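Novice: Coordinates for the following, if possible.
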Amino acid sequence: MAAPYSQQEIRRLIGMFEVYGDFLVGTPFGNGNVNDTFQLTFDQGGVRLHYILQRINSNVFKEPVKVMENVARVTGHILKKIRAAHAETRKRTIRLLNAHDGRPFAIDDRGNCWRAYVFIEHARAYEVLETPEQAFCAAQGFGEFQAQLADLKGRLHETIPDFHNTPKRIAQLEAAIKADPCNRVKEVEREIEFVLSRQDECGRLLELNKSGDIPERITHNDTKANNILIDDLTGEAVCVIDLDTVMPGLSLYDFGDMVRSGTNPAEEDELDLNKVGMRFDMYQGFYEGFVKAAGDILTPAELENLPFSGKLITLEIGTRFLTDYLAGDVYFKTRRPKQNLDRCRTQFKLVESMEAQMNRMKALLQA
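Specialist: This next block holds a predicted model:
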């Protein structure tokens with residue numbers, strides 16, 4: 001993803017920001033599907049410090065300045081909460097670096113929007129959570145994130161309209177089926193039927209929002225396991241990261257995507273579908289951690305629909321992978337042919353596993 005950038009170019013790009021010290025090296029960092037990300041090493045008075053430099057993908061985020069305004073508002077608000085709570089807390093938030101004009105982003109000579117922030121040391125993100133205890137901590141971290149932002153005044157920018165609008169995602173799939181630009185529909189008829197046979201229930205959360213039973217909140221909207229950092233020393237969730245999709249949303253979007261991404265022990269593009277399934281003990285960890293942290297702000301309808309939300313978001317993400325495959329792999333980055341189709345099939349197998357365990361999930365509501 002980052003091969004076009006030489007060390008000289010990285011040095012020039014980070015030079016747009018207020019960083020003190022000597023640039024040593026920049027290396028590609030992480031495995032995100034959207035943005036280009038580098039970890040930078042600086043020498044400051046003989047001490048090695050690290051920063052993150054990231055290009056916001058304007059093909060995905062059409063208004064990157066609004067993305068950064070959201071990120072700056074959210075991180076500033078959380079930082080105030082952290083400082084007020086306890087001077088010695090290990091809780092952290094992303095600390096943006098200002099560009100030389102004072103803004104928390106910079107535009108390069110190609111029109112690309114870049115941001116830089118302090119690298120959070122002694123904490124890491126997990127691609128796959130390994131224990132129910134980790135699931136509990138991650139969910140508690142994301143629940144705290146929602147609770148911390150519950151009193152943020154003013155509405156954030158909706159940087160990707162209808163991001164988790166599942167009926168509209170299905171409509172996009174139907175449009176891709178009709179267009180079939182790559183002549184791929186004939187090989188995915190079973191996957192298409194899987195989605196369409198479940199579309200009647202896909203508007204449930206939106207209807208509850210419309211009725212007022214589920215309120216709009218500030219949500220992360222991409223609560224994968226690797227978007228929260230776990231402290232190496234304490235095992236606690238210490239920082240929510242990847243805030244590009246923070247915007248108005250529903251709390252159940254966040255919980256649902258946690259369940260989708262964190263209960264399945266297999267890779268997101270797993271070829272052996274026998275390895276794919278929802279681990280109930282992991283679901284229970286997510287449920288208990290999220291409710292402990294955010295339960296006081298959740299309405300009865302939000303609590304009641306926690307089990308359903310995992311299935312809905314998993315179906316939605318699988319639908320997006322399928323749509324992108326039909327369109328020619330234009331949104332999600334791929335490293336091999338048919339990777340988006342494999343991602344789709346993994347999600348749909350996970351949906352089936354959730355459906356089989358729905359009664360057990362609902363029983364936790366009564367515990």
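
Novice: Am I right that Ile52 sits in a helix?
Specialist: No: counting by DSSP: H, G, I helix; E, B strand; the rest coil, Ile52 is located in no helix; its state is strand.

Novice: so what pLDDT did Asp329 get?
Specialist: According to the prediction, Asp329 has pLDDT 96.

Novice: Which residue, other than its chain neighbours, is closest to it?
Specialist: Distance criterion C-beta to C-beta, 6 or more residues apart in numbering; nearest residue to Asp329, sequence neighbours excluded, is Asn340 at 5.5 Å. Any C-beta I mention is one placed from the backbone N, CA and C, and that applies to glycine too.

Novice: Next, the contact list for that neighbour, please.
Specialist: Phe321, Leu322, Asp324, Tyr325, Asp329, Phe332, Thr334 (C-beta atoms under 8 Å, 6 or more residues apart in numbering).

Novice: Of these, grab the buried ones for PyMOL.
Specialist: The buried subset of the contacts of Asn340, as determined by 16 or more other C-beta atoms under 10 Å, is captured in PyMOL by this line:
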select buried, resi 321+322+324+325+329+334
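
Novice: for the contacts of Asn340, which one is nearest His77?
Specialist: Lowest distance from His77 to those (C-beta to C-beta) belongs to Phe332, with 30.6 Å.

Novice: that older thread, please tell me how far the residue nearest to Asp329 sits from Ser309.
Specialist: 23 Å (C-beta to C-beta, to the nearest Å).

Novice: what do you get for Leu250?
Specialist: 8 Å.

Novice: Mutual contacts of the two, please.
Specialist: Common neighbours of Leu250 and Ser309 (C-beta under 8 Å, 6+ apart) are Leu205.

Novice: What segments of the stretch 101-250 of the chain are strands?
Specialist: 106-107, 113-118, 123-124, 217-219, 228-231, 237-240, 247-249 (DSSP state E, counting those that start in this stretch).

Novice: Does anything pack onto the fourth one? Which helices or strands?
Specialist: Here strand 217-219 touches helix 132-148, strand 247-249, helix 251-262, going by 3 or more C-beta pairs under 8 Å, 6 or more residues apart in numbering; DSSP states H and E.

Novice: Quick check: which of these is buried the most?
Specialist: helix 251-262 (a mean of 28; mean count of other C-beta atoms under 10 Å).

Novice: Enumerate the positions of the next helix or strand after it that are buried.
Specialist: The helix or strand immediately downstream of helix 251-262 is helix 280-294, counting by DSSP states H and E. Neighbour counts over helix 280-294 (16+ other C-beta under 10 Å) mark 280, 282-291, 293-294 as buried.

Novice: closest to Leu206 out of the strands of the stretch 101-250 of the chain?
Specialist: strand 247-249 (11.2 Å).

Novice: for the record, mean pLDDT for the closest one?
Specialist: Mean predicted lDDT for strand 247-249 stands at 96.

Novice: quick revisit: and the contacts of Asn340, which two are furthest apart?
Specialist: Maximum distance among these (C-beta to C-beta): 13.5 Å, for Leu322 and Thr334.

Novice: Gly141 reaches Ile241, doesn't it?
Specialist: No: here Gly141 lies out of contact with Ile241, judged by C-beta atoms under 8 Å, at a distance of 10.4 Å.

Novice: hey, what's in contact with both of the two?
Specialist: Contacts common to Gly141 and Ile241, judged by C-beta under 8 Å, 6+ apart, are Ile228.

Novice: Tell me how far the residue most central in space within the chain lies from Ile14.
Specialist: Residue closest to the average C-alpha location in the chain (C-alpha atoms, centre = their mean): Asp222, at 2.1 Å. According to C-beta to C-beta, Asp222 stands 25 Å off from Ile14.

Novice: Phi and psi next, for Glu63.
Specialist: phi -130, psi 80 (degrees, to the nearest 10).

Novice: With Lys153 as the reference, measure out to it.
Specialist: With the distance defined as C-beta to C-beta, Glu63 ends up 21 Å from Lys153.

Novice: Counting neighbours, go ahead and name the busier of the two.
Specialist: Using other C-beta atoms under 10 Å, the more surrounded residue of Glu63 and Lys153 is Glu63, with 15 against 6.

Novice: Give me the nearest residue to that one, chain neighbours excluded.
Specialist: Looking at Glu63 with C-beta to C-beta, 6+ apart, the closest residue is Thr159, at 6.3 Å.

Novice: Val276 now?
Specialist: Lys349 (4.3 Å).

Novice: Quick one: neighbours of the one you found, just the number.
Specialist: Counted with other C-beta under 10 Å, Lys349 comes out at 21.

Novice: and it, what does it touch?
Specialist: Each residue near Lys349 by C-beta under 8 Å, 6+ apart is listed here: Leu273, Val276, Gly277.

Novice: Return the backbone torsion pair for it.
Specialist: phi -70, psi -40.

Novice: before we move on, what about Gly111?
Specialist: phi 90, psi 10.

Novice: which residues in this structure form helices?
Specialist: All helices of the chain, identified by DSSP state H, fall at 7-14, 64-85, 132-148, 166-179, 189-196, 204-211, 251-262, 280-294, 300-304, 306-327, 339-356, 358-363.
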